[in-house]
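A.B. asks: only the shape, not the letters, is given here:
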């Protein structure tokens, strides 16, 4: 799914002060929606996703010099967005509290946001995903929704391919069990 | 049930229209660019203020030094003798001889 088309052109534009703004507009036009949905699936709420997307944009613009071009640009963008989303979740926790303990808060957000649009089964599927540990949920989303391969997910999350494969297997089992237990 | 979940596919229970997302992304993109340019502007302004302040301090320093030198050469008379020498010159030989009997500790403090 990830292609490196125009990555070098975008990189050149972003690293040239005269073309940087235009390059950034092109970059966001190309990957903005992908990033929004990736962030939204992590933080669940639309307002939170908007905030995180804004932070991601600023971080990308500030740190574009650190992008080496050794991986597709979208992988780097996913990585920045994932870190910003995790940072956002961490800000919602209390001292010494893990972000995994936010599942109830996120489930409440899911309920509120999907009340008007969501199909019962779709909501149940998302609720099942929210029972997963955050890192596992992110890896599941990247594999299931974004259809990235394990190497790409490994670059984004910093986990080994084998760990990711095992996690994905456990995650699918947990999701299935949750759905079976909770569906009427 | 399997059929039901197969139908869900990758659909999420919340959706945003493409048009809405396009506007949102444009807004966040422009905000980020504006913020980056403002930050850069602040950095340039800060650097300009700092260099102006440093220049002013240097000029003031040079001015004070030049003024003091000019002032000294114009108004402060050259002293060949210190006030102590002048005082010693007014003493007679006997009075001067008396001074030898004083130890430094015996000189009272005023």
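C.D. replies: That came in fine, so what should we check first? Nothing here was measured: the structure is a model prediction, and the numbers come from that model. Numbers count the residues shown, from 1 in each chain, chains lettered A, B, ... in the order given.
A.B. asks: not counting its neighbours along the chain, what's nearest whatever residue of chain B ends up closest to chain A?
C.D. replies: At 2.8 Å from chain A, residue B:13 is the closest residue in chain B, using CB to the nearest CB. Heads up, the C-betas are built off the backbone N, CA and C, glycines and all. Nearest residue to residue B:13 in three dimensions, chain neighbours excluded: residue A:118, at 2.8 Å (CB to CB, 6 or more residues apart in numbering or on different chains).
A.B. asks: phi, psi for that neighbour please.
C.D. replies: In terms of degrees, to the nearest 10, the main-chain angles of residue A:118 are phi -80, psi 140.
A.B. asks: returning to that earlier point: contacts only, for the residue of chain B closest to chain A.
C.D. replies: Residues near residue B:13 by CB atoms under 8 Å, 6 or more residues apart in numbering or on different chains: A:110, A:113-114, A:117-119, A:122-123, A:126.
A.B. asks: are there helices or strands packed against the helix or strand where residue B:49 lies, and which ones?
C.D. replies: Taking DSSP states H and E as the criterion, residue B:49 maps to helix B:18-75. Helix B:18-75 sits against helix A:20-43, helix A:46-63, with contacts defined as 3 or more CB pairs under 8 Å, 6 or more residues apart in numbering or on different chains; DSSP states H and E.
A.B. asks: make a markdown table out of those helices and add mean pLDDT, distance to chain B and mean neighbour count.
C.D. replies: Formatted as a markdown table, the helices and strands packed on helix B:18-75 follow (pLDDT from 0 to 100; distance: least, CB to the nearest CB, whole Å; neighbours: other CB atoms under 10 Å in any protein chain shown):
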| stretch | mean pLDDT | distance to chain B | mean neighbour count |
| --- | --- | --- | --- |
| helix A:20-43 | 95 | 4 | 20 |
| helix A:46-63 | 95 | 4 | 20 |
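A.B. asks: what angle separates the helix holding residue B:49 from helix A:46-63?
C.D. replies: Going by axes from the mean of the first three to the mean of the last three CA atoms, to 10 degrees, helix B:18-75 is angled at 50 degrees with respect to helix A:46-63.
A.B. asks: show the average pLDDT along the helix or strand just after helix B:18-75.
C.D. replies: Sequence order places helix B:83-90 as the next helix or strand after helix B:18-75, per DSSP H and E. Mean per-residue pLDDT for helix B:83-90: 82.
A.B. asks: please name the nearest non-neighbouring residue to the residue nearest the centre of chain A.
C.D. replies: Central residue of chain A (CA atoms, centre = their mean): residue A:38, 3.5 Å from the mean position. With CB to CB, 6+ apart as the criterion, residue A:38 has its nearest non-adjacent residue at 5.7 Å, and that residue is residue A:81.
A.B. asks: give me the element that neighbour is part of.
C.D. replies: helix A:73-91.
A.B. asks: from the contact counts, what lies against the very next helix or strand once past that helix?
C.D. replies: The helix or strand immediately downstream of helix A:73-91 is helix A:103-113, counting by DSSP H and E. If you count contacts as 3+ CB pairs under 8 Å, 6+ apart, helix A:103-113 packs onto helix A:120-130.
A.B. asks: now with 10 Å, please.
C.D. replies: Judged by 3 or more CB pairs under 10 Å, 6 or more residues apart in numbering or on different chains; DSSP states H and E, helix A:103-113 is in contact with helix A:20-43, helix A:46-63, helix A:120-130, helix A:134-144.
A.B. asks: distance to residue A:85 added to those, as a markdown table?
C.D. replies: Output for these, formatted as a markdown table (distance: least, CB to CB, whole Å):
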| stretch | distance to residue A:85 |
| --- | --- |
| helix A:20-43 | 4 |
| helix A:46-63 | 5 |
| helix A:120-130 | 14 |
| helix A:134-144 | 8 |
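A.B. asks: quick one, which of those is nearest to residue A:166?
C.D. replies: Of all the helices and strands packed on helix A:103-113, the one in closest proximity to residue A:166, counting by CB to CB, is helix A:134-144 (9.9 Å).
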